[in-house]
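K.L.:
Sequence plus predicted model, see below.
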Amino acid sequence: MTTTVGTSHLDHCPTYGALSARELAAVRADFPLLERTVRQGRPLVYLDSAATSQKPTAVLDAEQDFYERRNAAVHRGAHQLAEEATEAFEGARAEVARFVGADVGEIVWTSGATAAINLVAYALSNATLGRGGAVAQRFALAPGDEIVITEAEHHANIVPWQELAARTGATVTYLPVDDEGRIDTSVVDRVITERARVVAFTHASNVTGAITDVAPIVRRAREVGALTVLDACQSVPHLPVDLHELGVDFAAFSGHKMMGPTGVGVLYGRRELLEALPPVTTGGSMIEVVTMTESTYMAPPQRFEAGTQMVAQAVALGAAAQYLGELGMDAIAAHEREMAAELLKIADLPGIRVVGPTDPENRLAVVSFVVEGVHAHDVGQILDDAGIAVRVGHHCAQPLHRRFGIVSTARASAAVYTSAQDVAAFRESLAGVRTFFGVND
Amino acid sequence: MSSLEQMYQQVILDHAKVLHGKGLVEPADGHVVGESHQVNTTCGDDVTLRVEIDESDPENPVVARLSWEGQGCSISQASISVLHDLVAGESVDAGERAGEVFRELMSSRGKGLDDDSEDLLGDATAFTGVSLYPARIKCALLGWAALRDSLVTSGVLTNKEQA
C-alpha cells in the first residue's frame, strides 16, 4: 500500500495511483454490510463483487431519501412533488450519462443489462417485421445475415441473439478466445464478414477478467456496416469508460454491479440509432397520440420506457455513479489492479490453475480458477466456512468453460472496497482446500 | 464437530473417492430399462442414471442393476454412489421408499430423522449435515431425482404411484 497525505478518500492523489491504507479504510467504512460477520462470527471477506457489488451509504440514503421526501409519479402531475421526483429521476439519467461519456438522451433505463440487450434484439426483430417504418428498415435482418458474438460472452449476450437469429433466419457466428481467454481480435476480418449485421461482445469477461480490445472490433464492424452492442456490465463499475470514445452503437450495463440497487440497468444507444429504432415494450408513458386503431410514439429515451419506471432505483443509481465518480475511476482501477495482482498469486499454490490471463495488465480483478481434484462447489464450501464469499459454477458462461474443457470454476472478484487482507485470507484458506479433500500429491 | 465436518463426513469423502456403480453398463436381455439425465443448472453438473428392472415376479419388480455416468462435486457424486449401494438389487418399492426418506432428510435442516428412517438410509444418513446448506441440497438430490425419473421412464411406476 502506498501512503498519501489526505483527509478523506475523496482527495486521493492520482499520482500514486492506488488508494492509501487510510483511504481504503474510509472507503470500507462507506459499506455497512462489510462490517457483518458470517458462519459463526467470522468477519466477512466479500470476493463476489463481479456477481453483485455491495452498496455504499450514499446509495442507500439516496433511495430512502427519495421515498421519504420526493416520491411521486414522474413526467406527470401538476404538483411540486411530481416536479421534484421528475427532477431527481432525470438528474440521475444525466449523472449516469456523464459517468459513461454519453449524452443524456442516449441513456434508456431498463430493469437490468439482460433487459437492455433483449431490448435491442427485439427492436431489431420488430424492424424486421416492418415496424418503425422506412427509417427502421436499416435494422431489418434476413436469412443469411450474420450476428457475430464471442466465445467469452455471458449467457445474456448469447441467448437473445440466438433467439433473434431463430426469429429472423439470421445465423449466429462467433469470435473465438485464445488460451488466456482473450477475444482473438486477429481474426476479426475473417469472422466479421460482409453479411454481419450485429456484433455483440463483452467489454470485460465476467469469468477471465480479460479486457477486450474494442477498437479493432468496432473498426471492422463499421467497415461492414454492422451494429456493435457492448456488454459493459463488468467494465463500467471498474474502469473509466467513455462510450463515445469507444464508438460502439449500443451498450448495456447493470446498476447492481456498480454499487447501485437491483432492478435498474441501462441501455446506451447512439442518439440517431435510438431515434430510428421501433419500440419494444409499449403502453403508457411512451406515446404521443393514441386512437382506437393506432398510436404514435415519443422520442427516445421515453419511447423505450413504457409503464411506471423504477424511479427510486434510478435515483439511487445516479447516486452510485456520483459516488464512483468522486472516488475517481482511475483510482478505483489502480486499486483493483493491485487486488488483481494479489489474487493472481494463487497461481503459485500447488494444484491451482487460473482460467484467464495471469498478468494483471489489461484484466480486471476477476480471477476464476480450478483446484485440481476438487470440484468448485466443494472449494466454495471450504472458503465459505472461513467467511470468504466467492462464486462457484459456470458464471452464466457455459461456452467459455467448455472452451477450456471444464464445467465449472470458482471465482474471486474484487471491488474498490477489497483489501489486501481480504485477498490474503482467501489465499490462506484456499491453500488448505486440497489437504481437506486429501488430494495433495 | 464443525458444521463443515458435519457436512463432509468421512463416509461422504470415502464414497467421493471410490464411486460405486459409476460407468454405464449395457442392459442384460430381458430387463426393462429406464434412464434419466439430470442437470444441476447452478453448476452444470450432470448425471445419467440407468436402472434395469427384473420383472420376473410381476408383484415385486426388482432393480436388478443400477449404473451411472456423470460429473459433479463430492456431495453429488458421493450421494449417487451411496444411492447405488442402497437401491441396486433391492425391490423397486424399497428404492422408492429410500428416495422418499432421503428427500425428508434433506428437508430436515440438519436435525436428521427418527431411528427407523435413519436405519433405512444407512450410509445416506451421513448427508444430514448437507441439509443445513440450502445451496448444496440440490447436489445431494441430483442422483435421487435421476432415480425417480428413470423408474418412471422404465414404466415400472404406474401413474398412481407417481402421484
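P.N.:
Nice, I can see it. Since we're looking at a predicted model, the values are computed, not measured.
K.L.:
thought A:Ser53 was touching A:Gly255?
P.N.:
No: counting by CB atoms under 8 Å, A:Ser53 does not reach A:Gly255; the two are 9.6 Å apart. Every C-beta, even on glycine, is put in place using the N, C-alpha and C of the backbone.
K.L.:
The two: which is more packed in?
P.N.:
Legend: neighbour count by other CB atoms under 10 Å in any protein chain shown for A:Ser53 and A:Gly255, higher for A:Gly255 (32 against 26).
K.L.:
Torsion angles phi and psi at the more buried one?
P.N.:
Dihedral pair for A:Gly255: phi -70, psi -40, per degrees, to the nearest 10.
K.L.:
So which residues of chain B form strands?
P.N.:
Ranges of strands within chain B are B:32-40, B:45-54, B:62-71, based on DSSP state E.
K.L.:
Looking from chain B, tell me which residue of the stretch 101-250 of chain A is nearest.
P.N.:
With CB to the nearest CB as the measure, A:His155 is the residue of the stretch 101-250 of chain A nearest to chain B, at 11.1 Å.
K.L.:
Is there a neighbour count for that residue? I'd like the number.
P.N.:
So A:His155, with other CB under 10 Å, has 15 neighbours.
K.L.:
Same check on A:Val218?
P.N.:
20.
K.L.:
is it true that it touches A:His244?
P.N.:
No: counting by CB under 8 Å, A:Val218 does not reach A:His244; the two are 11.9 Å apart.
K.L.:
Find the closest residue to chain A in chain B.
P.N.:
B:Cys73 (3.7 Å).
K.L.:
Need the per-residue pLDDT for the most far-flung residue of chain A relative to its centre.
P.N.:
Outermost residue of chain A with respect to the C-alpha centroid, by CA atoms, centre = their mean, is A:Met292; its distance is 40.6 Å. What the model reports for A:Met292 is a pLDDT of 97.
K.L.:
for it, phi and psi?
P.N.:
Phi and psi for A:Met292, reported as degrees, to the nearest 10, are phi -70, psi -10.
K.L.:
What separation is there between it and A:Thr282?
P.N.:
Distance, A:Met292 to A:Thr282, by CB to CB, to the nearest Å: 15 Å.
K.L.:
Figure out the helix or strand that A:Tyr323 lives in.
P.N.:
Assessed by DSSP states H and E, A:Tyr323 sits inside helix A:311-327.
K.L.:
What are the buried residues along that helix?
P.N.:
Neighbour-count burial for helix A:311-327, counted by 16 or more other CB atoms under 10 Å in any protein chain shown, picks out A:311-324, A:327.
K.L.:
can you list the weak-confidence ranges in chain B?
P.N.:
B:1, B:158-163 (pLDDT under 70).
K.L.:
Mind doing that once more with 90?
P.N.:
Where chain B drops to pLDDT under 90, the residues are B:1-6, B:28-30, B:41-45, B:58, B:156-163.
K.L.:
List, one by one, the residues from it near chain A.
P.N.:
Within reach of chain A by CB under 8 Å from any CB of the partner chain, chain B has these residues: B:2-4, B:7-8, B:13, B:16-17, B:42-45, B:71-75, B:133, B:136, B:139.
K.L.:
For chain B, which helix extends over the most residues?
P.N.:
Counting by DSSP state H, the longest helix found in chain B is helix B:134-154.
K.L.:
which helices and strands sit right next to it?
P.N.:
Contacts defined by 3 or more CB pairs under 8 Å, 6 or more residues apart in numbering or on different chains; DSSP states H and E place helix B:134-154 against helix A:376-385, strand B:32-40, strand B:45-54, strand B:62-71, helix B:74-87, helix B:92-106.
K.L.:
For the helix holding A:Tyr323, which helices and strands make contact with it?
P.N.:
Applying 3+ CB pairs under 8 Å, 6+ apart, we find helix A:311-327 packed against helix A:57-65, helix A:80-99.
K.L.:
Out of those helices, which gets nearest to chain B?
P.N.:
Ranking the helices and strands packed on helix A:311-327 by distance to chain B, with CB to the nearest CB as the measure, places helix A:57-65 first at 26.5 Å.
K.L.:
same question for the closest one, mean pLDDT?
P.N.:
Taken as a whole, helix A:57-65 has a mean pLDDT of 98.
K.L.:
who touches it?
P.N.:
A:30-32, A:259-261, A:312-313, A:315-320, A:322-323 (CB atoms under 8 Å, 6 or more residues apart in numbering or on different chains).
K.L.:
tell me the contacts of A:Gln54?
P.N.:
So, once contact is read as CB under 8 Å, 6+ apart, A:Gln54 ends up touching A:31, A:33-34, A:46, A:259, A:415, A:417.
K.L.:
tell me the SS of it?
P.N.:
Here A:Gln54 is recorded as coil under DSSP: H, G, I helix; E, B strand; the rest coil.
K.L.:
thinking A:Ala140 is in contact with A:Ser125, fair?
P.N.:
No: using CB under 8 Å, A:Ala140 is not in contact with A:Ser125, being 9.4 Å away.
K.L.:
List, one by one, the residues from the stretch 1-150 of chain A near chain B.
P.N.:
Within the stretch 1-150 of chain A, the positions adjacent to chain B are A:39-40 by CB under 8 Å from any CB.
K.L.:
can you list the weak-confidence ranges in the stretch 1-150 of chain A?
P.N.:
Ranges of the stretch 1-150 of chain A meeting pLDDT under 90: A:1-18, A:40, A:76-78.
K.L.:
Which segments of chain A make up each domain?
P.N.:
For chain A, automatic domain parsing gives the domain ranges A:9-47+A:329-436, A:62-325.
K.L.:
Can you name the residues that contact the spatially closest residue to A:Gly169 that is not a sequence neighbour?
P.N.:
Nearest non-adjacent residue to A:Gly169, counting by CB to CB, 6 or more residues apart in numbering or on different chains: A:Pro143, 3.2 Å away. For A:Pro143, the contacting residues are A:168-170, by CB under 8 Å, 6+ apart.
K.L.:
what does A:Leu33 give?
P.N.:
By CB under 8 Å, 6+ apart, the neighbours of A:Leu33 are A:44, A:46, A:54-55.
K.L.:
Right, I'll call it a day here.
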